[in-house]
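1. predicted structure and sequence below. I'll ask about it afterward.
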Amino acid sequence: MTLIKLCGNFRLQDIDYLNEVRPDLAGIILVPHQRRSVSLALTQKIRSQLDAKIPLVGVFLNQDADEILKYREIVQMVQLHGNETEQEISKIQKAGLPVIKVMKPDHQYKTQATRRMIDAGAGSGKTFDWKKFQPLESLDFLAGGLTPDNLQQAISLLKPKVVDISSGTECNGIKNLEKMREVVRIARSNK
């Protein structure tokens with residue numbers, strides 16, 4: 001079964017949807033001044049409202065490890081989209097937070113991060129040429145432009161362990177329960 005992470009949740013209503021559709025992971029954006037960013041206070045509310053069995057992933061971009069570690073009692077994983085160093089990754093992981101390091105398909109490299117994510121646009125919702133893609137290592141996470149319409153094709157071609165979907169579960173920038181249900185169904189149907 002392909003696991004699924006639903007990301008970009010920023011309203012308490014989104015958390016109600018997550019509790020209903022039960023993804024394997026839920027993500028929130030903790031990068032200041034981004035459209036889907038949530039505050040520390042809202043992050044705490046989200047964690048308390050989200051089913052305890054659904055790990056919460058905090059998404060960061062070029063933020064200091066000490067700033068990221070302020071969330072260690074709230075999030076269960078950290079996703080890094082920037083130019084974080086291996087030393088910062090090590091510091092975060094030694095504090096007990098597994099790290100997902102995001103890379104572009106044409107710029108893959110070895111890392112000590114717990115998992116690697118391939119995302120063509122680093123959160124832009126753009127796909128890349130899946131047929132030409134050659135992973136450096138096994139494909140842990142796949143992101144970028146995944147929707148109910150192309151998710152099965154992406155899973156069939158690349159066989160990622162986890163798919164990560166954000167804007168592909170939205171209508172007009174707001175989470176859509178039916179799209180969330182559909183992508184979870186597609187991911188879970190792949191044994």
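-> That came through, no problem. Numbering: from 1, shown residues only.
2. report the buried residues of the helix or strand that Leu18 is a member of.
-> Secondary-structure assignment from DSSP states H and E places Leu18 in helix 12-21. Under the neighbour-count criterion of 16 or more other C-beta atoms under 10 Å, helix 12-21 has 14-15, 17-18, 21 buried. (Glycine included, C-beta is placed from N, CA and C.)
3. mean confidence score for the very next helix or strand once past it?
-> The helix or strand immediately downstream of helix 12-21 is strand 25-29, counting by DSSP H and E. Mean per-residue pLDDT for strand 25-29: 98.
4. now strand 25-29: how far from the chain's centre is it?
-> Distance of strand 25-29 from its chain centroid, counting by C-alpha atoms, centre = their mean, to the nearest Å, is 6 Å.
5. contacts for it?
-> 3-10, 15, 18, 36-38, 43, 46, 50, 54-59, 75, 77, 79, 162, 164, 166 (C-beta atoms under 8 Å, 6 or more residues apart in numbering).
6. just the strands from this protein, written as ranges.
-> 3-6, 25-29, 56-60, 77-80, 99-103, 115-119, 141-143, 162-165, 170-171, 174-175 (DSSP state E).
7. what packs against the last one?
-> Under the contact definition 3 or more C-beta pairs under 8 Å, 6 or more residues apart in numbering; DSSP states H and E, strand 174-175 sits against helix 12-21.
8. what's the angle from the helix holding Leu18 to strand 56-60?
-> 130 degrees (axes from the mean of the first three to the mean of the last three C-alpha atoms, to 10 degrees).
9. what angle do helix 12-21 and strand 25-29 make?
-> Going by the same axes, to 10 degrees, helix 12-21 makes 170 degrees with strand 25-29.
10. wait, doesn't Arg35 sit right on Ser167?
-> No: here Arg35 does not reach Ser167: they are 10.0 Å apart, not a contact under C-beta atoms under 8 Å.
11. of those two, which one has the most company?
-> More crowded of Arg35 and Ser167, by other C-beta atoms under 10 Å: Ser167, with 18 against 8.
12. okay, now the unreliable bits of this structure?
-> Along the chain, segments meeting pLDDT under 70 span 122-124, 191.
13. which residue sits farthest out from the middle of it?
-> Farthest-out residue of the chain from its mean C-alpha position, per C-alpha atoms, centre = their mean: Lys132, at 23.0 Å.
14. looking at the strands of the chain, which is closest to Ala187?
-> strand 3-6 (4.0 Å; C-beta to C-beta).
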